[in-house]
Structure formats: structure tokens, C-alpha cells
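> heads up, no residue letters with this:
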Ligand code: MLC
Ligand code: AMP
């Protein structure tokens with residue numbers, strides 16, 4: 001009797017593992033502190049951590065929440081979580097206890113991994129949320145996670161996953177209310193990685209400089225999956241360090257960064273045509289790339305930055321062309337919808353807009369997430385009846401298909417590639433003693449692109465101190481969310497409906513950080 005063929009394993013890790021080069025002893029990762037990891041090391045270490053997770057007998061779909069400094073072991077923990085078939089939940093290292101308490105309480109992870117330094121406050125938060133296993137992992141290859149994994153086998157059979165099974169949850173803040181966990185499936189991540197592999201011409205011999213954090217889409221998925229799916233060596237930077245990166249450029253072919261990274265690299269005299277002689281591709285995204293940076297980069301290096309656009313809910317949506325035959329890379333645009341991505345621009349009434357008209361960007365495709373974690377109503381609100389996701393970005397498409405993002409309908413500040421939601425900061429300020437209300441706005445900044453500025457109104461008769469407000473915010477919130485300036489004024493500008501006119505405030509303060 002003919003045996004029925006079993007369906008292929010849709011586990012993203014299986015695809016990444018299949019792309020490892022035949023020579024497993026070749027170097028896969030070289031770190032900025034002189035460590036070398038072979039492909040065999042990645043295979044064996046991810047197997048050991050996966051076996052550790054398997055031994056915990058977690059329920060199907062269990063979440064593994066991770067707030068640790070960037071290290072190759074942190075990447076291995078990500079790969080091991082995929083490999084064992086669980087759901088990876090990365091958390092920005094800047095988050096403080098109130099923020100972590102919310103994420104852990106909301107996601108109810110079975111496993112929490114934190115730094116040794118933070119364990120004293122993370123453990124009680126995790127235990128209160130019912131987490132059964134708390135491990136530590138530090139960026140010097142120590143911690144209870146690695147101690148426990150060291151006792152596990154280095155052979156592991158990759159867990160069978162369906163394409164719709166969850167691979168990761170990425171929290172993204174909401175314009176109103178608390179952060180939402182974007183649920184990403186194995187299909188979402190693998191389809192996107194495969195499209196980018198072809199679109200960006202990944203080829204044999206490519207070497208990636210990895211200098212982004214690994215708790216957001218850009219560093220964790222776009223950069224990492226790109227190199228792994230191509231069996232490419234990674235030059236690993238635990239922190240963005242422009243001088244050291246410029247020194248490594250001659251050994252690399254691909255670099256990915258948020259615009260701030262390009263601005264800081266341009267400030268390095270060592271960034272010359274000679275330094276980038278072996279480079280094939282510079283990719284920018286996560287925030288708008290100023291045309292000045294795009295032009296200056298081309299002049300200095302002879303390379304045209306390829307700008308692309310994506311989000312946590314969708315991974316990559318659009319890209320400027322890699323292949324010159326498909327068109328030029330146009331500064332100020334985010335290029336074309338990627339193959340497989342349907343993208344349209346609609347007005348508020350849901351009518352498709354013609355070429356060059358500005359409206360809300362909506363998208364559909366295998367990359368679009370499965371919804372917000374335990375928020376079916378919110379998920380429903382963000383999709384149209386015909387299944388398009390409303391990105392909250394505002395843009396237009398020209399006659400040749402180039403997409404330009406002109407703004408956002410969501411009240412969001414993107415600072416150095418990190419998202420800051422004014423509503424969250426205002427909520428904290430408004431609760432402070434003596435404060436009647438506040439408005440947080442984004443203003444242009446030469447390094448971070450945009451930064452937050454707080455305008456605070458005291459209660460009648462109360463005195464509030466701007467520095468004290470900032471100090472109180474610093475004690476509670478991730479550092480990148482702290483407004484760079486705070487003003488105490490008697491009132492906020494309002495329209496006839498009583499709504500705060502943030503556009504007026506932005507105009508008033510737009511020169512605050514002028515270079
Ligand atoms: C750091 N600081 C910031 C900041 N980063 N302030 C505003 N915005 C930021 N992004 C502040 C700190 O609060 C601190 O202030 C001071 O700068 C020094 O902190 P640091 O940690 O030493 O900063 P540095 O290492 O220089 O970090 C800057 C950076 C980093 C640009 C390297 O922010 C970064 O790695 N950004 C990349 C973010 C990213 O990967 N985004 C991708 C999202 S995915 P003080 O006052 O305390 O001294 C996505 C989807 C997509 O958007 O399309 O990709
Ligand atoms: P995040 O929620 O962190 O994934 O951030 C996603 C948001 O970043 C998008 O909705 C856009 O507003 C913004 N973004 C990403 N790439 C670009 C880009 N190339 N240009 C302008 N904005 C971008």
C-alpha cells in the first residue's frame with residue numbers, strides 16, 4: 001500500500017536550518033568581541049535550548065517572553081523557541097517594571113527569560129502572572145538558561161508546525177489604550193523572508209553587518225532571517241557603534257539600519273568609497289529616511305540606499321527595487337508593494353483613491369498578521385470587510401507604482417526607529433500631582449529623526465516643574481519614550497470642537513532641535 005505523504009513542516013526554523021551551508025564548520029557569526037560561532041554551533045546550541053524547552057512540558061502555543069541584552073545566545077534562544085514550536089515574545093531592554101508587568105500579565109508566558117540584573121524584579125512579576133519557569137541570560141554567555149541547556153542533548157527534531165501556527169508575538173503600542181500583541185505566524189515570517197531573499201538579490205558570499213536590536217521586526221526578522229535563509233555570515237554588533245562598523249565595512253556586503261544609524265555613520269570620516277568597496281546593499285527603514293541623508297550617502301559612498309517600509313503587524317510591505325532593470329531607487333519613497341502584497345490607498349469613506357491622491361494605506365498578503373493577542377474586537381476594527389489591514393499610515397501611489405508615505409493617521413512618534421505613543425506618555429503626565437492635562441508631540445530632530453516634546457498645563461493654582469515631570473517619567477518608562485523637552489504653559493490651543501490642535505504645537509516647536 002502506498003504511504004500517504006506527510007505534509008511538509010511549515011516551521012520557520014526548518015526552512016532556516018535547511019539553508020545552512022553544507023560546510024557546517026564555516027563561520028556563521030563573528031561577534032564584535034571576537035567570538036566565532038560555526039553553523040554547527042548554531043545547530044547544536046539551538047537544539048540544546050529547544051530540548052530544555054521541550055523538557056518543561058509546556059502547553060501547545062506557550063509563549064516564551066524574553067527581555068535580555070543583545071547576544072548570540074539571545075538569538076539562539078529565538079531559534080530554539082521556533083525549533084521547539086513555541087511562541088517567541090521579545091521585549092525591548094529599555095522597558096521598566098510597569099511596562100513589563102503589563103506585557104507579562106497580558107501574554108501570560110509559560111517561560112520568562114530576563115537578565116541576571118533584573119531577575120529580582122522580573123521574577124515576582126512573572127510568578128504573579130502564573131509563569132512557571134523564569135531563567136536568566138546575560139550577554140557574557142552566563143545565566144541559568146545556559147546552565148540548564150548545557151545538560152540537554154544537542155540533537156533535536158524540529159517540531160512540526162502548520163503555516164498558521166504562531167511563531168512570535170510582537171507588542172506594538174496602541175493610539176488609545178494599552179499595547180497590543182501582534183500575532184505572527186510561521187507563514188507570515190517565512191513568506192516575507194523568502195520574498196526579500198529574491199527581491200534583494202541575496203547571494204552566495206554575502207556577509208551581513210547586524211547592528212540593530214533583536215527585539216523588533218527590523219533586527220529580529222528582516223536582518224536575521226535574511227542572512228540565515230541565505231546561509232550568510234553575520235558580523236554581529238551587540239550595540240550600534242559607528243566607528244567599529246565603518247572599520248568592518250570592507251568585510252561586509254549588506255547593511256541594514258534605521259535612518260539614525262545612517263545619520264551617525266555619515267558623521268564618521270572613515271566612511272569613504274574605499275571603506276564600502278565590497279558592499280552590495282544598504283537597506284533603510286522603520287522610520288522616514290530624510291532625502292538629505294539619502295543624497296549625502298550617495299555622494300559619500302557611491303551607493304544608493306534602498307528604502308523599504310514595514311510594520312510589526314505585517315513585516316515588510318514595500319521596497320524600492322534592488323534590480324536597476326525594475327526601476328531606480330527613489331529617495332523619499334518606499335518603493336513598490338512587494339510581490340504577493342496587495343496595497344491600496346483609500347479615503348475615509350473606504351473609496352479607492354486614484355494615482356497621486358493621499359489616503360490611508362491598506363494591505364493584504366501572506367505577511368499580514370493573524371490578529372492582536374486576545375483582542376478580537378480590536379483586530380476586527382483594524383481590518384476592512386474584504387480583509388485588508390488598515391496600517392494607520394497615510395500615503396500615495398504614483399503612476400509607476402512608487403509609494404510615498406506622507407504621514408500617519410495614528411498619533412505616533414517614531415524616534416530613532418522606536419515607536420512612542422503620545423497617549424501613553426500623556427496618561428502618565430496627567431496623573432502627576434498638580435497637572436491638569438498635557439499634550440505630547442513629535443518634532444524634528446537631527447539625530448533621532450523625530451523626538452517627543454511634552455506641553456503641560458497645571459491645575460489652577462498649582463505649580464508644576466518641568467524637570468520634575470521628566471524625572472518622574474524617567475523612573476517609570478523606557479528611556480526612549482521620555483520627552484526630550486518639557487514646557488509648562490497656561491493652556492493648549494484648541495479648535496472649535498475643543499480638540500487639542502497638535503499641528504499648531506508641532507509648528508510652534510519645529511525648530512527646537514534645528515541642527
Ligand atoms: C536611545 N535614546 C533615544 C533613542 N535611543 N531617545 C530617543 N529615541 C531613541 N531611539 C536615548 C536614551 O534614552 C538615552 O537618553 C540616550 O539616548 C543614550 O541611550 P543609548 O541606549 O546609549 O542610545 P544609543 O545606543 O545611541 O541608541 C540609539 C539607537 C537606538 C539609534 C542606536 O535607538 C536603536 O538601536 N534604534 C533602532 C530601533 C529599531 O531597531 N527599530 C526597528 C523597529 S521595527 P538619556 O537621556 O537617558 O541619556 C519597525 C518595523 C520596520 O519599525 O519597518 O522595520
Ligand atoms: P512598528 O509598529 O514599530 O512596526 O512601526 C511601524 C511603523 O513604522 C509603520 O506603520 C510606519 O509608520 C513606520 N515606518 C516603517 N518603515 C518606514 C519607512 N521606510 N518610512 C516611513 N515610515 C516607516
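Sure thing, it's come through. Small disclaimer: the values here were computed from a predicted structure and weren't measured. Ligands and ions are numbered 1, 2, ... in the order given.
> which ones are touching residue 154?
44-45, 47-48 (Cβ atoms under 8 Å, 6 or more residues apart in numbering). (Glycine included, C-beta is placed from N, CA and C.)
> of all these, which comes closest to ligand 2?
Distance to ligand 2, by Cβ to the nearest ligand atom, is smallest for residue 45 among the contacts of residue 154, at 28.6 Å.
> how much space between residue 359 and residue 366?
Distance, residue 359 to residue 366, using Cβ to Cβ, to the nearest Å: 24 Å.
> Tell me which of those two has more neighbours.
A direct count of neighbours by other Cβ atoms under 10 Å for residue 359 and residue 366 places residue 359 higher, at 22 against 16.
> With ligand 2 as the reference, measure out to that one.
Residue 359 sits at a distance of 15 Å from ligand 2 (criterion: Cβ to the nearest ligand atom, to the nearest Å).
> The residue positioned nearest the centre of the chain: what's it in contact with?
Against the mean C-alpha coordinate of the chain, by Cα atoms, centre = their mean, the closest residue is residue 216 at 2.5 Å. Shown in contact with residue 216 (Cβ under 8 Å, 6+ apart): 90, 92, 170, 286, 312, 417-418.
> Over to residue 191?
340, 365-367.
> Considering the residues you listed, which possesses the most neighbours?
residue 367 (27 neighbours).
> so who does that residue touch?
Residue 367 touches 188, 191-192, 195, 314-317, 338, 340-341, counting by Cβ under 8 Å, 6+ apart.
> Buried among those residues? Need that as a selection in ChimeraX.
Command for ChimeraX that selects the buried part of those, burial taken from 16 or more other Cβ atoms under 10 Å:
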select :188,191,192,195,314,315,316,317,338,341
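> near ligand 1, which residues of the stretch 301-450 of the chain?
310-311, 415-418, 448 (Cβ under 6 Å from any ligand atom).
> restrict these to contacts with ligand 2.
310-311.
> Most neighbours of all the residues of the stretch 301-450 of the chain next to ligand 1, which one?
Compared across those, residue 310 has the highest neighbour count, 25 neighbours, by other Cβ under 10 Å.
> after the helix ranked longest in the chain, next one along is what?
What stands out as the longest helix in the chain, according to DSSP state H, is helix 39-55. For helix 39-55, the succeeding helix or strand toward the C-terminus, using DSSP states H and E, is strand 63-67.
> List the strands paired with that following strand, with their directions.
strand 87-90 (parallel), strand 111-114 (parallel) (DSSP bridges).
> Just name the most buried of the ones you listed.
Comparing the strands paired with strand 63-67 by mean neighbour count (mean count of other Cβ atoms under 10 Å), strand 111-114 comes out on top with a mean of 27.
> near ligand 1, which residues of the chain?
212-213, 216-219, 239-240, 258, 260, 285-286, 310-311, 415-418, 448, 451, 479-480.
> Which of those residues fall in strands?
310-311, 415, 418, 451 (DSSP state E).
> Burial check on residue 217, number of neighbours?
Per other Cβ under 10 Å, the neighbour tally for residue 217 reads 26.
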